[in-house]
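Asker: turn this into a model:
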Amino acid sequence: IPYPKKILCLTFSVNAAHAMRTSIDAFIDSLPCDSSEAQRYRERIEIHNYHGFCRRFLKANSHLLLKSTI
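Answerer: Reported below is the predicted structural model:
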């Protein structure tokens, strides 16, 4: 994916999400770019387990669910 706006990585466990984050951070650190560009890459990647992703999604969008049921 040459120019993604966001990348979502979902795993089953918290440990797998942590391992994936560690691996991706090491990969980004090996890229020939400066630290501000590397930070922008890290901000574009969302890494969660399924429960964490659902919790974050519901927290951010719960107002839409409440609005549609009224």
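
Asker: where do the strands sit along this protein?
Answerer: 7-11, 45-49 (DSSP state E).

Asker: need the winner for burial among these.
Answerer: Ranked by mean neighbour count, the strands of the chain are led by strand 45-49 with a mean of 18 (mean count of other C-beta atoms under 10 Å). In short, each C-beta sits where N, CA and C put it, glycine included.

Asker: what's the per-residue pLDDT of residue 29 here?
Answerer: In this prediction, residue 29 carries a pLDDT score of 91.

Asker: same thing with the one 3 residues further on?
Answerer: Confidence per residue is given as pLDDT, and for residue 32 that number is 91.

Asker: what segments of the protein are helices?
Answerer: Secondary structure of the chain (DSSP state H): helices located at 14-30, 35-44, 50-69.

Asker: for residue 4, find the nearest of those.
Answerer: Closest approach to residue 4 among these is made by helix 35-44 (6.4 Å; C-beta to C-beta).

Asker: need the CA coordinates for stretch 6-23. PDB is fine.
Answerer: Extracted as PDB, the C-alpha positions of stretch 6-23 are listed here (Å, rounded to 0.1, in the frame of the first residue of the first chain):
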ATOM      1  CA  LYS A   6      -4.700   4.800   8.000                       C
ATOM      2  CA  ILE A   7      -3.900   1.100   8.500                       C
ATOM      3  CA  LEU A   8      -5.900  -1.100  11.000                       C
ATOM      4  CA  CYS A   9      -4.300  -4.200  12.400                       C
ATOM      5  CA  LEU A  10      -6.600  -6.500  14.500                       C
ATOM      6  CA  THR A  11      -5.500  -9.400  16.600                       C
ATOM      7  CA  PHE A  12      -7.100 -11.800  18.900                       C
ATOM      8  CA  SER A  13      -5.000 -11.100  22.000                       C
ATOM      9  CA  VAL A  14      -3.400  -8.200  23.700                       C
ATOM     10  CA  ASN A  15       0.000 -10.000  23.500                       C
ATOM     11  CA  ALA A  16      -0.200 -10.400  19.800                       C
ATOM     12  CA  ALA A  17      -1.100  -6.700  19.400                       C
ATOM     13  CA  HIS A  18       1.900  -5.800  21.500                       C
ATOM     14  CA  ALA A  19       4.200  -8.100  19.500                       C
ATOM     15  CA  MET A  20       2.800  -6.600  16.200                       C
ATOM     16  CA  ARG A  21       3.400  -3.000  17.500                       C
ATOM     17  CA  THR A  22       7.000  -3.900  18.500                       C
ATOM     18  CA  SER A  23       7.700  -5.500  15.100                       C
END
